[in-house]
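K.L.:
Below is the sequence, then the predicted model.
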Amino acid sequence: MSGALFIFSINLTLALVMAAGFFAVARFDAQNTAARWMALAFLLGGLSVAAEFIISADIFVTLARMTTATAFLAAMLGVTVALSRYYNTAQDWASLSVIFVASAMLYALTLDMPRNDPVRQVLYQLPYALVSLLALSHVWRSKCRAVLDWCLMVLLLLAAVVFIGKSIIANMVGGVGSEAQDYARTVYAMISQSSGAILVLMVGMLILIMLARETAARLIRQSERDSATGFLNRNGFMNHGDALLRQLGNGGASEAALILAALDVNIENDARSTRILPFAGLLHALDPPELCIGRLGPAQFAILMPETNLLGARKTAEALRRKIAEAENSPGVFVTASFGITEKERGDALSDMILRADWALEEARHAGGNCVRLSARSALGLARPKAIS
């Protein structure tokens, strides 16, 4: 086995391993469509390498040559589609079809040209270079400028340069072989395949890391959400609420208010859709949209309102209470709700605000429900006077 054939074997193995990795991500996260396209791209890349073995064996050489060229081009187009899905950029399928058909026709026209003709070598590599730049354009248009995005753009630009420069490298090291079957025995084949494998592996691993990170982030977001209402669950609300308070403190804007809202009813499993979801719909309609809203219990919700004081929060709570009371005329849809409100004090954590708002909520319940109560300042204490017997 020649050195180039050994590298072919390595490249084929790498393509299959990378395809399996992307398929695993896609299997684990059905929403990650980019992973499925990357898996398909590496399978097509493996097909391109497998066709090189057929050429070396002098079997169906013309068909195998076309398969090698078009399969690798299709693999690169698959990477382009994957990046468009990952970066959520527009992709014109008609343009991709034209690129593939035109390139296939170009490859067919160059089959009978002298293999060491520099013009033929440039024409052969030109579609690969252009598709590399097309893939780069998706990253650039997304306006994402994190470290991994810059690394990916550099690698795609490097790939385009390498494809264009291959004709120069081939002439420097003795050509690509007078016949297609001779390619595997040339020095150029070893250089081209080994450098290409390194570059493809770097691009593939980088995209795999990005897609796996996206999947992990999506799973974390899902674990922080209440499936019934779409709001944050208790853990998610505590994490995001604390982060929001820290952000307000760092920006110098210390005002924030917290509303605890609870329906005045024991929620049973069969009543959730008719009572909780309409109430959640009212919360979804709140303005501004940057409010941090969480479902802390079966019938209890929390609304953290940045840059809002106690009176502003009370206005919001009263508006919600009236809407719920008005909807009471619809049998089985709504019940009344109680509200407890507090505002951020110096040095407060979210847990401190929740403690005072919960005290105010209990006051509203003790008053018979369907009302809004404000919490006492922390310096005044939260103890209730004992009833006189």
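P.N.:
Looks like it came in fine. Numbering: from 1, shown residues only.
K.L.:
In the protein, where's the longest helix?
P.N.:
helix 187-223 (DSSP state H).
K.L.:
got the buried residues for that helix?
P.N.:
188-194, 196-197, 199-200, 203-204, 206-208, 210-212, 214-215 (16 or more other CB atoms under 10 Å). C-betas here are computed from N, CA, C, even on glycine.
K.L.:
And for stretch 104-121?
P.N.:
Using 16+ other CB under 10 Å as the burial criterion, the residues of stretch 104-121 that qualify are A104, Y107, T110, R115, N116, R120, Q121.
K.L.:
Go through those residues and flag which are in helices.
P.N.:
With DSSP H as the criterion, helices contain A104, Y107, T110, R120, Q121 from among the buried residues of stretch 104-121.
K.L.:
can you tell me which of the residues you listed lies nearest to L14?
P.N.:
Of all these, Y107 has the smallest distance to L14: 24.0 Å, by CB to CB.
K.L.:
quick one: which helix or strand includes the residue nearest to that closest one when sequence neighbours are not counted?
P.N.:
Nearest non-adjacent residue to Y107, counting by CB to CB, 6 or more residues apart in numbering: A69, 4.4 Å away. Assigning secondary structure by DSSP states H and E places A69 in helix 61-87.
K.L.:
Could you list every helix and strand in contact with that helix?
P.N.:
With contacts defined as 3 or more CB pairs under 8 Å, 6 or more residues apart in numbering; DSSP states H and E, the secondary structure elements packing on helix 61-87 are helix 33-56, helix 93-110, helix 118-141, helix 187-223.
K.L.:
of all those helices, which lies closest to K315?
P.N.:
Comparing those by their distance to K315 (CB to CB), the top pick is helix 187-223, with 30.9 Å.
K.L.:
Quick check: buried residues in the helix or strand immediately after that closest one in the chain?
P.N.:
As assigned by DSSP H and E, the chain's next helix or strand after helix 187-223 is helix 234-250. When burial is assessed from 16+ other CB under 10 Å, helix 234-250 yields the following buried residues: R234, G236, F237, M238, H240, G241, L244, L245, L248.
K.L.:
so the third one sits right up against L296, yeah?
P.N.:
Right, F237. Yes - with contact taken as CB atoms under 8 Å, F237 and L296 are classed as touching, separated by 6.6 Å.
K.L.:
about what we covered before: tell me which of the ones in helices among the buried residues of stretch 104-121 is nearest to A57?
P.N.:
Nearest to A57 out of these is Y107 (CB to CB; 20.6 Å).
K.L.:
per-residue pLDDT, that closest one?
P.N.:
Reading off the confidence values, Y107 has pLDDT 92.
K.L.:
quick one: it from G78, how far?
P.N.:
When distances are taken as CB to CB, to the nearest Å, Y107 and G78 turn out to be 18 Å apart.
K.L.:
ok, now I169?
P.N.:
I169 sits 26 Å away from G78 when distances are taken as CB to CB.
K.L.:
Which residue of those two possesses the greater neighbour count?
P.N.:
In this comparison of I169 against G78, neighbours counted by other CB atoms under 10 Å, the higher total goes to G78 at 22 against 16.
K.L.:
Isn't that one up against A41?
P.N.:
Yes - counting by CB under 8 Å, A41 is a contact partner of G78 at 3.2 Å.
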